[in-house]
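K.L.:
Give me the fold of what follows.
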Amino acid sequence: YEKALRSLTADGYKRALVRLAAEGFIDDCERRNEGTGQRRAPTKIWLKAFSQQFTDASFSADEEPVLTKQFCHGIAKNLLNDNCDYCLNVLRGSTATTLQDWTRLNLMGRAEVDQAWKARGSGYANTVSREGWRGFFEHLAEARRDLVNSWKLNPNRPEAAAKMIEVVMGEKDPHGESERLWFDRSIAAQFDFHEAYSNLMWAYRPRWYGSLKALMSFGQQCAATNRFDTSVPLNLLYAARSLGQEIEDKPKVFRNPTIATELSHLFAEYESQKPLPFPRAYLYGLHAYTVYQAGDFTRAYELLRDIGFEIDPELMSEMDPAVAPVTFLEEVAARGGPAAQSTEAGDRALRDGKVEAAAVSYEEALQACGNEPHAMHYLKSKLASMRFQRELGSGRWVSLNPALAEGLTGWSTVLGAWRIDADGSLIG
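P.N.:
Below you'll find the predicted structure:
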């Protein structure tokens, strides 16, 4: 991305391409959990390209729906949020007048919603100042004006109506409208427009006058559409995730017999489609991650084995940030594969404080895992961690530098990319 960004910036390409390259660079930094320093330079390039893309014919009138959709999800949406002051000034200025009115109003409305939340803050209602509430409602009023006008100008596009769900959710006086009204208007334009579903699901959370029952009911309604040629039934899974977040116990939700049965049927239907509606690696990986959260390591192992233990990049953005993708793969390989019984015995002994017995079980698991690399790393990390604890307990000096022979076994990467150099140096 860095090389592409340098080339595109220097060679006079359309500024929209420069913006997209900058977004790819920044997104890659975030995916690899790099520090914020590397993102500053491409962010400056992004801001400049955001403005210039409206004056160099980056988008024809027929291509403007592509532009609006780009800012409905992912890194472009996040960058618009983070820089909404600047973007709003650009959109209200003369440089953006080349856009059709429905497009410009759509983007302006989105930036106004972001401004509203900046004014309010993300805390609970009782922590918001009087000035914060005033700014929140003022910006929501501006967002309503822009988004409603955008929708009226082009009701065949789903973006403005989907964003209006957020506006109605936050308004003190929603003009006699409901979030469902705008949801229906959005999916009338595009049945599988993801933002409409995610926004309504958020509005159905208890914190926004919804309920746990309404949340799951909506997910079940989505599954009942039987539109397995689209992502719509997957909202049953997203509803279960949301429920787990609300009650702060995801495993409890995924182990619920009714929910587990419904999700099993959901994935069976998706996996029976010909052709598959999603890349195979994504669909099977998502299925594996779902049953993993329910504690079914055996089924998760079977699914990951079928895709060569490769995680689709799109799946990474959906995973719990507290569990690194490599941790997911290694735990499933060890606890769901051929070494499952010995691994479980080792984990159980370690929990009970029986360190020597745990070491014996992990060594047995190493012999049983068939040299599967993910399982081997999990088991070797357990053994290395136990050795490290014993050394610390001895009272002697202990080196924190990973040994060359063991590499990073026993260590987990939190930020960046790390390796052991040939001379034993830790490089990162």
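K.L.:
got the CA coordinates for stretch 93-110 in PDB?
P.N.:
Provided in PDB are the C-alpha atoms of stretch 93-110 (Å, rounded to 0.1, in the frame of the first residue of the first chain):
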ATOM      1  CA  GLY A  93     -17.900  24.500   0.100                       C
ATOM      2  CA  SER A  94     -17.700  25.200  -3.500                       C
ATOM      3  CA  THR A  95     -15.400  22.200  -4.400                       C
ATOM      4  CA  ALA A  96     -18.200  19.700  -3.800                       C
ATOM      5  CA  THR A  97     -20.800  21.500  -6.000                       C
ATOM      6  CA  THR A  98     -19.800  19.200  -8.900                       C
ATOM      7  CA  LEU A  99     -21.700  16.400  -7.100                       C
ATOM      8  CA  GLN A 100     -25.400  15.800  -7.600                       C
ATOM      9  CA  ASP A 101     -27.500  17.200  -4.800                       C
ATOM     10  CA  TRP A 102     -28.600  13.900  -3.500                       C
ATOM     11  CA  THR A 103     -25.000  12.700  -3.200                       C
ATOM     12  CA  ARG A 104     -23.700  15.800  -1.500                       C
ATOM     13  CA  LEU A 105     -26.600  16.000   0.900                       C
ATOM     14  CA  ASN A 106     -26.200  12.300   1.800                       C
ATOM     15  CA  LEU A 107     -22.500  12.800   2.700                       C
ATOM     16  CA  MET A 108     -23.200  16.000   4.600                       C
ATOM     17  CA  GLY A 109     -25.900  14.300   6.600                       C
ATOM     18  CA  ARG A 110     -23.500  11.500   7.600                       C
END
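K.L.:
For stretch 175-190, which outside residues touch it?
P.N.:
144, 151, 155-159, 161-162, 164-165, 168-169, 193, 195-197, 199-200, 203 (C-beta atoms under 8 Å, 6 or more residues apart in numbering). Yep, even glycine has a C-beta here, placed from its N, CA and C like the rest.
K.L.:
Export stretch 200-219 to PDB, keeping only CA atoms.
P.N.:
Taking Å, rounded to 0.1, in the frame of the first residue of the first chain, the C-alpha atoms of stretch 200-219 are listed here in PDB:
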ATOM      1  CA  LEU A 200     -31.900  -1.000  13.200                       C
ATOM      2  CA  MET A 201     -30.400  -3.800  15.300                       C
ATOM      3  CA  TRP A 202     -28.500  -1.100  17.300                       C
ATOM      4  CA  ALA A 203     -31.700   0.800  17.800                       C
ATOM      5  CA  TYR A 204     -33.300  -2.400  19.200                       C
ATOM      6  CA  ARG A 205     -30.800  -2.700  22.000                       C
ATOM      7  CA  PRO A 206     -32.200  -2.000  25.500                       C
ATOM      8  CA  ARG A 207     -30.000   1.100  25.900                       C
ATOM      9  CA  TRP A 208     -32.000   2.700  23.000                       C
ATOM     10  CA  TYR A 209     -35.600   1.900  24.100                       C
ATOM     11  CA  GLY A 210     -35.400  -1.600  22.700                       C
ATOM     12  CA  SER A 211     -35.300  -5.000  24.400                       C
ATOM     13  CA  LEU A 212     -33.400  -8.300  24.300                       C
ATOM     14  CA  LYS A 213     -36.600  -9.900  23.000                       C
ATOM     15  CA  ALA A 214     -36.900  -7.300  20.100                       C
ATOM     16  CA  LEU A 215     -33.200  -7.800  19.300                       C
ATOM     17  CA  MET A 216     -33.500 -11.600  18.800                       C
ATOM     18  CA  SER A 217     -36.900 -11.400  17.200                       C
ATOM     19  CA  PHE A 218     -35.500  -9.100  14.500                       C
ATOM     20  CA  GLY A 219     -32.600 -11.600  13.900                       C
END
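K.L.:
buried set for that stretch?
P.N.:
Judged by neighbour count (16 or more other C-beta atoms under 10 Å), stretch 200-219 contains these buried residues: 200-205, 210, 212, 214-216, 218-219.
K.L.:
just stretch 417-428 next, same as before
P.N.:
Neighbour counts over stretch 417-428 (16+ other C-beta under 10 Å) mark residue 420 as buried.
K.L.:
other SSEs contacting the helix or strand harbouring residue 384?
P.N.:
Following DSSP states H and E, one finds residue 384 within helix 373-393. Helices and strands touching helix 373-393, as assessed by 3 or more C-beta pairs under 8 Å, 6 or more residues apart in numbering; DSSP states H and E, comprise helix 325-336, helix 340-351, helix 355-368.
K.L.:
and the angle from the first one to helix 355-368?
P.N.:
This means helix 325-336. Helix 325-336 runs at 90 degrees relative to helix 355-368, counting by axes from the mean of the first three to the mean of the last three C-alpha atoms, to 10 degrees.
K.L.:
quick one: average pLDDT of the strand or helix carrying residue 240?
P.N.:
Following DSSP H and E, one finds residue 240 within helix 235-247. In this model, helix 235-247 has an average pLDDT of 96.
K.L.:
Also stretch 340-349?
P.N.:
Averaged over stretch 340-349, pLDDT sits at 96.
K.L.:
Filter the contacts of stretch 175-190 down to the buried ones.
P.N.:
Neighbour-count burial (16+ other C-beta under 10 Å) applied to the contacts of stretch 175-190 gives 144, 151, 157-159, 161-162, 164-165, 168-169, 193, 195-197, 199-200, 203.
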